[in-house]
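1. Structure for the following, please:
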Amino acid sequence: MKSRVVVTGMGVVSPIGNTVEDFWGAVKQGQCGIDFITKFDTADFPVKIAAEVKDFDPAQHMDKREARRMDRYTQFAVAAAREAVLDAGLDLDTICKERFGVVVGSGIGGIGTIEKEHAILQQKGAKRVSPLLIPMIIGNMAAGNIAIQFGAKGICTTVVTACATGTNAIGDAFHMLQNGAADVIIAGGAESSITPLSLAGFASLTALSTSTDPKRASIPFDADRDGFVMGEGAGILIVETLEHAQKRNARIYGEVVGYGSTCDAYHITSPAPDGEGGARAMKLAIQEAGINEGEISYINAHGTSTSYNDKFETAAIKAVFGEQAYQIPVSSSKSMFGHLLGAAGAVEAIVCIKALQEGFVPPTVGLINPDPECDLDYVPNVGRNEALQYAMSNSLGFGGHNATIVMKRWEA
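-> Residues are numbered from 1 along each chain as shown. The predicted structure is shown next:
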């Protein structure tokens, strides 16, 4: 018999708060963390705005020497993991370290360090490049550093599925726990790619909003949307078997009950027409949860504010839920904190868990002029109190990756 899997701890670093308490408070109020880029001069860039993490001091979360050996995305991951571990009340001296794992991914990895060290190579020569370059940039270093910080000696792996990374990481950890491969897993994603090269690349792809109004840039499902807004941060969940959580009398936030993962096999950047692959991922997650479509009471959409994504994801939701789709509240958290790429799904999973726990549907802020092709209940601008039982979170990534998780409100 497969084990039930519950969430017992959460940690976040985000553009609207660097603790879960601050982050969730901002979500409930519909705060927007998008503003003009401060990290570098954007005079030569068509894109001027992003959702930067604010007031983050790595020294508050780790040794200064350790922090200097980490790219910013790893610092975010370790900080969020520390909050999650403390929140879960894990006794690191008594849990079985060999059954304590990490599944944390990043879509891009240490691109900020790559750019910095490449400039040094060009200006000062090969001998001046940092010996820590490689350990700082590779995509598994968030997972590796978290494992070292907390002595997690079980499965330690990294998911890299672009914008689906965070959701795939949680889903993969869910299946590992179900099947007895671990007792506890630190799962999630981290990203810090608001850098000149990354911004230029996404802008050249015409994927980013060129709006100069922070309140009208990330506007999912709005007819005036023109691209996504890049964000940064990390989301980390402590997921463990129900048996293990109950043995240690852990506080339980919610339960992970379903996971679907598919590929469009269609195009490197565009979703499949009508969201066919995303629809299959949703169906798989619902099927594994053992429920029917009508029992889903909230959908946290991928909702990037790009023309194709919002239209095709809406079509996918209709394909799965039929007429019932019009009765389910759907919202995009990216309207508040931008698109965190590899961290997006993990941060949005936290939104879902808190929504279930408190019976609150988060809003899609900035939705003023609805797209006629996007005609579902997107909870415009103001959230609402509503009894919730099951929440679904969708993540769709370049390369055709689709991931969906279903979570259930915890009932003791």
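2. Name the residues of stretch 103-116 that are buried.
-> 103-114, 116 (16 or more other Cβ atoms under 10 Å). C-beta here means a position set from N, CA and C on the backbone, and glycine is covered the same way.
3. How far away from the center of its chain is that stretch?
-> In terms of Cα atoms, centre = their mean, to the nearest Å, the gap separating the centre of stretch 103-116 from the centre of its chain is 15 Å.
4. list the contacts for the residue lying closest to residue 221 once chain neighbours are set aside?
-> Among residues not flanking residue 221 along the chain, residue 374 sits closest, at 4.1 Å (Cβ to Cβ, 6 or more residues apart in numbering). For residue 374, the contact set (Cβ atoms under 8 Å, 6 or more residues apart in numbering) comprises 221, 310-311, 314.
5. thinking again about what came up before, please narrow the buried residues of stretch 103-116 to those residing in strands.
-> 103-105 (DSSP state E).
6. Reformat these into a markdown table and put pLDDT next to each item.
-> As requested, these are exported to a markdown table (pLDDT from 0 to 100):
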| residue | pLDDT |
| --- | --- |
| 103 | 98 |
| 104 | 98 |
| 105 | 98 |
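7. Residues contacting stretch 53-66, please?
-> Residues beyond stretch 53-66 that count as contacts (Cβ under 8 Å, 6+ apart) turn out to be 13-15, 18, 33, 67, 70, 75-76, 78-79, 82, 145, 149, 192, 232-233.
8. Next, format the ones in strands among the buried residues of stretch 103-116 as TSV and append distance to residue 271.
-> As requested, those are exported to TSV (distance: Cβ to Cβ, whole Å):
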residue	distance to residue 271
103	25
104	25
105	20
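9. Which pair in the contacts of residue 374 has the greatest spatial separation?
-> 221 and 311 (8.9 Å; Cβ to Cβ).
10. So for these two, which residue has more residues nearby?
-> Comparing residue 221 with residue 311 by other Cβ atoms under 10 Å, the one with more neighbours is residue 221, at 29 against 19.
11. returning to what we had before: quick one: buried ones out of the contacts of stretch 53-66?
-> The buried subset of the contacts of stretch 53-66 (16+ other Cβ under 10 Å) comprises 13-15, 18, 33, 67, 70, 75-76, 78-79, 82, 145, 149, 192, 232-233.
12. where do the strands sit along the stretch 251-400 of the chain?
-> 254-263, 298-300, 330-331, 360-361, 384-385, 390-397 (DSSP state E, counting those that start in this stretch).
13. so where do the strands sit in the stretch 1-150 of the chain?
-> Ranges of strands in the stretch 1-150 of the chain, per DSSP E, counting those that start in this stretch, are 5-13, 35-36, 49-50, 100-105.
14. The longest one: partners in the sheet, and parallel or antiparallel?
-> In this case it means strand 5-13. strand 233-241 (antiparallel), strand 254-263 (antiparallel) (DSSP bridges).
15. Name the stretch among those that sits most buried.
-> Mean neighbour count (mean count of other Cβ atoms under 10 Å) peaks for strand 233-241 among those, with a mean of 31.
16. Quick one: work out the angle between that one and strand 100-105.
-> Strand 233-241 and strand 100-105 meet at an angle of 140 degrees, taking axes from the mean of the first three to the mean of the last three Cα atoms, to 10 degrees as the criterion.
17. Would you mind listing the buried residues in whichever helix or strand comes after strand 233-241?
-> Later in the chain than strand 233-241, the nearest helix or strand by DSSP states H and E is helix 242-247. Neighbour-count burial for helix 242-247, counted by 16+ other Cβ under 10 Å, picks out 242, 244-245.
18. Helices along the protein, start to end?
-> Listed in chain order, the helices found in the chain under DSSP state H are 20-29, 64-68, 72-88, 111-124, 133-137, 141-150, 165-178, 196-204, 242-247, 276-289, 307-321, 334-337, 344-358.
19. Confidence-wise, which of the ones you listed is weakest overall?
-> With a mean of 94, helix 64-68 has the lowest mean pLDDT of the helices of the chain.
20. What residues sit buried inside it?
-> By 16+ other Cβ under 10 Å, the buried positions in helix 64-68 come out as 66-67.
21. How about the contacts made by the residue nearest to residue 33 when sequence neighbours are not counted?
-> Here the nearest residue to residue 33 in space, its sequence neighbours aside, is residue 15; by Cβ to Cβ, 6+ apart that works out to 3.2 Å. Residue 15 sits next to 33-34, 51-54, 231-233, 337-338 when contact means Cβ under 8 Å, 6+ apart.
22. Please tell me how far residue 15 sits from residue 161.
-> 22 Å (Cβ to Cβ, to the nearest Å).
23. Residue 291 - how many residues pack around it?
-> Neighbour count for residue 291, taken as other Cβ under 10 Å: 17.
24. Surely it is in contact with residue 390?
-> Yes - Residue 291 lies in contact with residue 390 (Cβ atoms under 8 Å); the separation is 6.3 Å.
25. Find the residues that touch each one of those two.
-> What both residue 291 and residue 390 touch, as defined by Cβ under 8 Å, 6+ apart, is the set 257, 406.
26. one step back: which stretch among the strands of the stretch 1-150 of the chain approaches residue 226 most closely?
-> Closest to residue 226 of these, according to Cβ to Cβ: strand 49-50, at 12.0 Å.
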